[in-house]
Structure formats: structure tokens, C-alpha cells
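K.L.:
here is my input, please return the structure:
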Amino acid sequence: MWLMGKIEKIYSSRDGASRVVQVRTSSGCLTRPIQKVYPLEVSTSGDPVLTLTTENRSRYGRLFKSSKK
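P.N.:
Predicted structure coming up:
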């Protein structure tokens, strides 16, 4: 039987993609790849995670302006 858990932290890699999560279960914390975490069926309407916008930043933190061509 699979344990129920709560995602405590999402780790992102250098390229900005999230690949590893920290999951808290009743027996402790686990660090697992996202592919190993099974998502439950939930409604996606109004989910703030799905409506995130990406910002292009330089390696020094400056925000790039989008070009209007």
C-alpha cells in the first residue's frame, strides 16, 4: 500500500525545471523524483500553480524585456 504524504519542498535544477520533491509522510520525510510521486486526481480549475508566468533573467538577476518585432 502506498503512503499518503504532503509535498513540503520542490527543488529546482540549474535550468529551472523541477525534478525532485521532499515529501512528508506519517513516518518521516522522503526525497523523491517527481516521476516517482503519484498525483491524485484533482480539479485543475483556478489552480495557481498552472497559471505561473516565466520571467527571463540574466545570470546576474536582471529582467530581460521582451522584444516587440
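
K.L.:
may I have stretch 5-18 exported as CSV, CA atoms only?
P.N.:
This file holds the C-alpha atoms of stretch 5-18, laid out as CSV (Å, rounded to 0.1, in the frame of the first residue of the first chain):
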residue,chain,number,x,y,z
GLY,A,5,2.1,12.4,2.0
LYS,A,6,2.3,16.1,1.6
ILE,A,7,4.9,17.8,-0.7
GLU,A,8,6.9,20.1,1.6
LYS,A,9,9.5,21.5,-0.8
ILE,A,10,10.1,21.5,-4.5
TYR,A,11,13.8,21.5,-5.7
SER,A,12,14.6,23.1,-9.0
SER,A,13,17.7,22.5,-11.0
ARG,A,14,20.0,25.0,-12.7
ASP,A,15,17.9,25.1,-15.8
GLY,A,16,14.8,26.0,-13.8
ALA,A,17,13.0,22.7,-14.2
SER,A,18,11.6,21.0,-11.0
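
K.L.:
list the contacts of that stretch.
P.N.:
Outside stretch 5-18, the residues that touch it by CB atoms under 8 Å, 6 or more residues apart in numbering are Arg19, Val20, Val21, Gln22, Val23, Arg24, Thr25, Cys29, Leu30, Ile34, Val37, Thr54. Just so you know, the C-beta spots here come from the backbone N, C-alpha and C atoms, and that holds for glycine as well.

K.L.:
SS state for the fifth one?
P.N.:
Going back to what we said before, that points to Val23. Three-state assignment for Val23 (DSSP: H, G, I helix; E, B strand; the rest coil): strand.

K.L.:
coming back round to it: out of the contacts of stretch 5-18, what pair is the most spread apart?
P.N.:
Farthest apart among the contacts of stretch 5-18 by CB to CB are Thr25 and Thr54. That separation is 31.2 Å.

K.L.:
more neighbours, these two?
P.N.:
Between Thr25 and Thr54, counted using other CB atoms under 10 Å, the more crowded position is Thr25 (12 against 6).

K.L.:
find the nearest non-adjacent residue to the more buried one, please.
P.N.:
Excluding the flanking residues, the one nearest Thr25 by CB to CB, 6 or more residues apart in numbering is Gly5, at 4.2 Å.

K.L.:
kind regards, and thank you for your time.
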